[in-house]
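Colleague: sequence and predicted structure below; questions after.
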Amino acid sequence: MTSLRYSLAALALIGATHSAVAADNLDIIVPFAAGGATDIVARSFEPIFSQQLGVTSVVRNVAGASATVGTAEVANSEGNPNIIGYEPAGALSIQPSLKKLPYGPDSFTYICRTVSNPMFLMVSKSSDIESFKQLVEESQEYPFLYGSSGPGTLPHLAMAALTVNSDLKAEHVPYSGSGPAMNALAGNEIQIMADTETILENYDLRPLAVFAENRVEGYPDVPTMQELGLAEMDFAVWQGVVAPKGISEERTQQYAEACKATVESDKFKSFADKAKADIAYLGPDEFKAFVQKRFAANKQVLKDAGLTP
Amino acid sequence: MDVILAAINDAFTWQALLAIVIGTWAGIIIGGLPGLGSVVGLTIFLPFTFGMDVITSMALLIGVYCGSVYGGSITAILINTPGTPQSAATTFDGYPMTQQGRVDEALGWATFASFFGGVLSCVLLIFCAPQLAKFAVNFGSIEVFALVCLAMLCIVGISRGSLLKGLVCGMMGFFFSTVGSDPITGADRFTFGTYALSSGLDLIPVVVGAFALSEVFVRFSARDEEATTIPEARLRFPNLREIGRRLIELVRGSFIGSFVGALPGTGAAAAAFISYAAAQKLSPRRANLGKGEPDGIIASESSNNAVTGSAFIPTLALGIPGDVVTAMMMGAMVIHGITPGVRLMVDQAQTVYALFVVLIIVNVAMLVLSKPSIGLFRYLFKLPLGFVMGGIVMFSFIGAVSVRGNPLDLVVAALTGILAYVLRRGGYPLAPLVIGMVLGPELESSLRRGLLISRGDFFSFFTHSGIATTLFALIGLFLVWTTVAGVLDWRAKIAARREPVSPSSSRA
Amino acid sequence: MFAFLIHPRVLTALALLLAGAGLSITAWQGPASAMLVPRIVLTIWCVVALAILIGELIRRVPVKRVTLTPLPLLMAAVLIAAIATASLGFLIPALPLVALTLWLFRIRRPLPLLLGTIVIGGGLWFLFHHVLMIRLPALLTNGVI
């Protein structure tokens, strides 16, 4: 038992020194459980960011209700200069139009966008569908089923927009995440899925089109939606940093500089490369404008697809 | 062959071995403390893995994971409070054995069954991962619905003597799981306009309330009686002859666990309940199940630890995480530049083999470390009852609030604790509540997805595929069997009541 | 006249039935697709609870003599501490709760009581909040307590 006592004493000592140094403590809220795709990026972002800022930081996972609980926690900490949120696209630009939330797109001080990945329309490699045109034709007799990682997520919204804006006939089947949806695609329970390059590569799927303005590097043969003669559809999975409203101008500037330095650091770049996350930095003002634009666009899609009144 | 040798070399570095020992031991302790489970354990250790190489960080996380799944059984057996939801089924027979003074035997079986299940699932993972993954892909929503229905039926077996009360508790648990956003349309349900409720009720706070807090309340009423002292924890491994006698139970539990683990989205708690239900129908000693029969512990512990190995099957073969925990492992892989996915086995063979070796070492380490860990719990439970209960309250609070960082979860745990106490006093079994809550979400979402896929035609479920038809036939068989057995039982009781003297019916 | 209802088991069954019925009303008012499964679940709940109520009324297990215990006090303390955590942070409600639990479980000598409260309440909080960095709800915005 002596060894146990020593190790406990050592632990207490580490803790004591730790909190003595940590006069300035920053909470980074991640609105997902530890270990998820967003959490991993946030946890790689956190040490570099806090070093730039000169503070001690802790990642706090506040999960639940499509990431809105953690996001609400940031929004509710108005004026608190020691809390920021590492937010996914859905919680900022989709969920506020879907249901009644204690926050809206105006409840935050926007700091920066970190990464952004365009979404692809894809089918299983075992299917005989080679092009979007063929997909539309085959869907006429018997509608296809498309999967998503849950109702009101980006994969759902992208496909809903596509079915509204084209002749594709397809119905939605939501799963509890990308993993189970991929399992269903492998078992031919669903036929179509819209998701990012990570999913496309990991599961060896066939891309038919990309939801972006321009063709994507590495996929020169995959046409954009506009090239297919459809309305412009721009769907990407992005993440960014937000702070609560009411913090000082100076603090906002500090955050923004630290964020810029972080995403430009070699360490974060090499991580992003491994995780197949495309760095796409936007500063405070551009990020704010971007979120507001996406928010309005997504609201329209939800309305057109009959998902909101 | 060179790859395998190189992989063994990777796994037997001192860093990896140290990580395994620390991880497994910490995992056992964390799992054993009520309220703290696999997810909290992994969240604690995840930040440490950032500075390690890939094998060492995997070794640490796998150690914590396997250790915590086993550790939950220690408190389940000693104080009727499963340390993690995965071990809820272990209380059914583990605690009665403790009350009969057979603690050493119960802990011995739990430890050995955990080891056996873990190793067997590793072997399956090594040799049959691609085949099992391919088979698991055949389990679409409708097949999963049939499987979960079958598992739900174990409520009937567990609430023996008070079927109706078990059923109402099962429905209560099922109802709890439906609070919050609807998984299919996203509409809020039973939130009564409060935003805080829209994230739903999490399993951990409910389990903490139903088992840990209600146990504190129950022991409180009897705090001055001699019977409430916690028996001294000892460990006696079963000998070869005993193992031989129950080998079939061990193998069955491990296979069920391995298979359920290979299906994405089910998990260790569901596996343990399914395995226990199977033991209730198939064990030669099934009449004693629930009264302190080692077969019950074996069914639960061999299957939940088998999940630890087989949860890697979809992860490695398809890149699909089997549960929250493997999702976290995948995250750790990504940090180190390994992309899980269909090509992982081909591109990263050496890492994958090293992972297998680590899994086996972890299970051996678990067996070796079981004795000192149980020693620690013996030391803790020797403290005066007040300190133990104060500690349980504190750990329950920490576990409930840290599972997703929501203070509302604490209120849920406290209310469930009070509700569970009232129900226990009224003779309601609580395990069905947990079963309802564990299986409910999967049952509901697979049913609703199945209806979307079959375009609203429920009857086509029965003929959807060979697997579905077989499973539904099994459900029918189970229902007929249970009804016939029930009627026979009832007639025997009536006959016994007609006898002038019936010693068994005297009630105190 | 309703004296036969005053029996703990009958009351429990009655409460279950009423809770199930109340929730059913909500379920039947909600959208049909989202409420499909809750409606089935709650219907089974109500039917089974009714059967239990009838069973308890017929059987009437004799009531145990009611003794006054401070158990409701402990329950109330747990609930109040749980509710208070959201606004006061973790540490402040936890300390009196642990002290009360120890006191009620007959640890009443001042020194063990004080030490127990500090080690179990404060020590565990410190271990998780500051050493293991599992952040518990905090009172101050900088997260120190």
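Modeller: Structure received. Here the structure is a predicted model, which is why all the values come from computation and not from measurement.
Colleague: any idea how far residue B:317 lies from residue A:176?
Modeller: Going from residue B:317 to residue A:176 by C-beta to C-beta, to the nearest Å gives 20 Å. The C-beta positions use only the backbone N, C-alpha and C, and glycine is treated the same way.
Colleague: how about residue B:320?
Modeller: Relative to residue A:176, residue B:320 is positioned 12 Å away (C-beta to C-beta).
Colleague: now do the contacts for the residue in chain B that chain C sits nearest to.
Modeller: Distances between chain B and chain C by C-beta to the nearest C-beta are smallest at residue B:386, namely 3.3 Å. By C-beta atoms under 8 Å, 6 or more residues apart in numbering or on different chains, the residues touching residue B:386 are C:101-102, C:104-107, C:116.
Colleague: same check on residue A:39?
Modeller: When contacts are counted by C-beta under 8 Å, 6+ apart, residue A:39 is found next to A:30, A:32-33, A:59, A:61, B:331.
Colleague: returning to what we had before: local confidence estimate at the residue of chain B closest to chain C?
Modeller: pLDDT, residue B:386: 87.
Colleague: what residues of the helix or strand where residue B:77 lies count as buried?
Modeller: Assigned by DSSP states H and E, residue B:77 falls within helix B:54-79. Neighbour counts over helix B:54-79 (16 or more other C-beta atoms under 10 Å in any protein chain shown) mark B:54-79 as buried.
Colleague: restrict those to contacts with chain C.
Modeller: Among those, no residue sits close to chain C (C-beta under 8 Å from any C-beta of the partner chain).
Colleague: can you tell me which residues contact the closest residue in space to the residue of chain B closest to chain C that isn't next to it in sequence?
Modeller: Nearest in space to residue B:386, with sequence neighbours left out and distances taken as C-beta to C-beta, 6 or more residues apart in numbering or on different chains, is residue C:105 at 3.3 Å. Residues in contact with residue C:105, defined by C-beta under 8 Å, 6+ apart, are B:220, B:223, B:384-386, B:389-390.
Colleague: for chain A, what's the longest strand?
Modeller: strand A:108-124 (DSSP state E).
Colleague: indicate whether it makes contact with chain C.
Modeller: No. Strand A:108-124 lies out of reach of chain C by C-beta under 8 Å from any C-beta, never closer than 15.3 Å.
Colleague: could you export that strand as CSV, CA atoms only?
Modeller: C-alpha atoms of strand A:108-124 as CSV (Å, rounded to 0.1, in the frame of the first residue of the first chain):
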residue,chain,number,x,y,z
PHE,A,108,-21.6,34.4,-30.7
THR,A,109,-18.4,36.3,-31.3
TYR,A,110,-17.0,34.6,-34.3
ILE,A,111,-13.3,33.9,-34.1
CYS,A,112,-12.2,31.8,-37.1
ARG,A,113,-13.0,28.9,-39.4
THR,A,114,-10.4,26.2,-39.2
VAL,A,115,-11.1,23.4,-41.7
SER,A,116,-13.6,22.8,-44.4
ASN,A,117,-14.2,19.7,-46.6
PRO,A,118,-16.5,19.7,-49.6
MET,A,119,-19.1,16.9,-49.7
PHE,A,120,-19.4,14.3,-52.4
LEU,A,121,-22.4,12.4,-53.8
MET,A,122,-21.4,8.8,-53.7
VAL,A,123,-22.6,5.2,-54.3
SER,A,124,-21.2,1.9,-53.4
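Colleague: direction included, what does it pair against?
Modeller: Partner strands and pairing direction for strand A:108-124 (DSSP bridges) are strand A:192-196 (antiparallel), strand A:205-210 (antiparallel), strand A:236-244 (antiparallel), strand A:279-282 (antiparallel).
Colleague: re the thing from before, need the contacts of residue A:39 in JSON lines (columns: neighbour count and distance to chain C).
Modeller: Listed next are the contacts of residue A:39 as JSON lines, based on neighbours: other C-beta atoms under 10 Å in any protein chain shown; distance: C-beta to the nearest C-beta, whole Å:
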{"residue": "A:30", "neighbour count": "28", "distance to chain C": "11"}
{"residue": "A:32", "neighbour count": "22", "distance to chain C": "15"}
{"residue": "A:33", "neighbour count": "21", "distance to chain C": "13"}
{"residue": "A:59", "neighbour count": "21", "distance to chain C": "8"}
{"residue": "A:61", "neighbour count": "26", "distance to chain C": "9"}
{"residue": "B:331", "neighbour count": "25", "distance to chain C": "17"}
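Colleague: among those residues, which are located in helices?
Modeller: Those of those mapping onto helices are residue B:331, per DSSP state H.
Colleague: show me chain C divided up by domain.
Modeller: Domain assignment for chain C, taken from automatic domain parsing, gives C:3-59, C:71-131.
Colleague: and among those domains, the most buried is which?
Modeller: domain C:71-131 (a mean of 19; mean count of other C-beta atoms under 10 Å in any protein chain shown).
Colleague: so what's the gap between that domain and the chain middle?
Modeller: Relative to its chain's centre, domain C:71-131 lies at 16 Å (C-alpha atoms, centre = their mean, to the nearest Å).
Colleague: hang on, the earlier thing: tabulate the domains of chain C (CSV), appending mean pLDDT.
Modeller: CSV is the format used below for the domains of chain C (pLDDT from 0 to 100):
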stretch, mean pLDDT
domain C:3-59, 87
domain C:71-131, 91
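Colleague: can I get these in JSON lines with distance to residue A:201?
Modeller: Listed next are those as JSON lines, based on distance: least, C-beta to C-beta, whole Å:
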{"stretch": "domain C:3-59", "distance to residue A:201": "35"}
{"stretch": "domain C:71-131", "distance to residue A:201": "38"}
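Colleague: up against chain A, what does the stretch 251-400 of chain B have?
Modeller: Checking the stretch 251-400 of chain B against chain A by C-beta under 8 Å from any C-beta, the hits are B:264-265, B:314, B:318-321, B:324, B:327-332, B:334-337, B:339-343, B:376, B:379.
Colleague: apply 10 Å and report the result again.
Modeller: Contacts of the stretch 251-400 of chain B with chain A, taken as C-beta under 10 Å from any C-beta of the partner chain, map to B:263-265, B:314-315, B:318-344, B:372, B:375-376, B:379.
Colleague: from the residues you listed, list just the buried residues.
Modeller: For those, buried by 16+ other C-beta under 10 Å: B:263-265, B:314-315, B:318-336, B:338-342, B:344, B:376.
Colleague: of those, which belong to helices?
Modeller: Among those, the members falling in helices (DSSP H) are B:314-315, B:318, B:324-335, B:344, B:376.
Colleague: so residue B:470 sits against residue B:143, correct?
Modeller: Yes. The pair residue B:470 / residue B:143 is scored as a contact, 9.4 Å apart, by C-beta atoms under 10 Å.
Colleague: looking at these two, which one has more neighbours?
Modeller: residue B:143 (26 against 12; other C-beta atoms under 10 Å in any protein chain shown).
Colleague: which pLDDT value belongs to residue B:343?
Modeller: Predicted confidence (pLDDT) for residue B:343: 74.
Colleague: wait, it touches residue A:204, no?
Modeller: Yes. Shown here, residue B:343 and residue A:204 form a contact pair, counting by C-beta under 10 Å, at 7.1 Å.
Colleague: pull up the overlap in contacts between the two.
Modeller: With contacts defined as C-beta atoms under 10 Å, 6 or more residues apart in numbering or on different chains, the residues shared by residue B:343 and residue A:204 are residue B:319.
Colleague: which residue packs closest to residue B:253, ignoring adjacent ones?
Modeller: In space, residue B:253 is closest to residue B:302, 3.4 Å off (C-beta to C-beta, 6+ apart).
Colleague: next structured bit after the helix holding residue B:77?
Modeller: helix B:91-99.
Colleague: contacts only, for residue 89.
Modeller: As the question left the chain open, I've gone with chain A. Counting by C-beta under 10 Å, 6+ apart, residue A:89 has contacts A:38, A:67, A:95, A:113, A:116, A:153-154, A:157, A:235-240, A:291, A:294, A:298.
Colleague: switch to chain C, please.
Modeller: B:407, C:125, C:129, C:136-140, C:143-145.
Colleague: likewise for residue B:469?
Modeller: For residue B:469, the contact set (C-beta under 10 Å, 6+ apart) comprises B:143, B:146, B:461-463.
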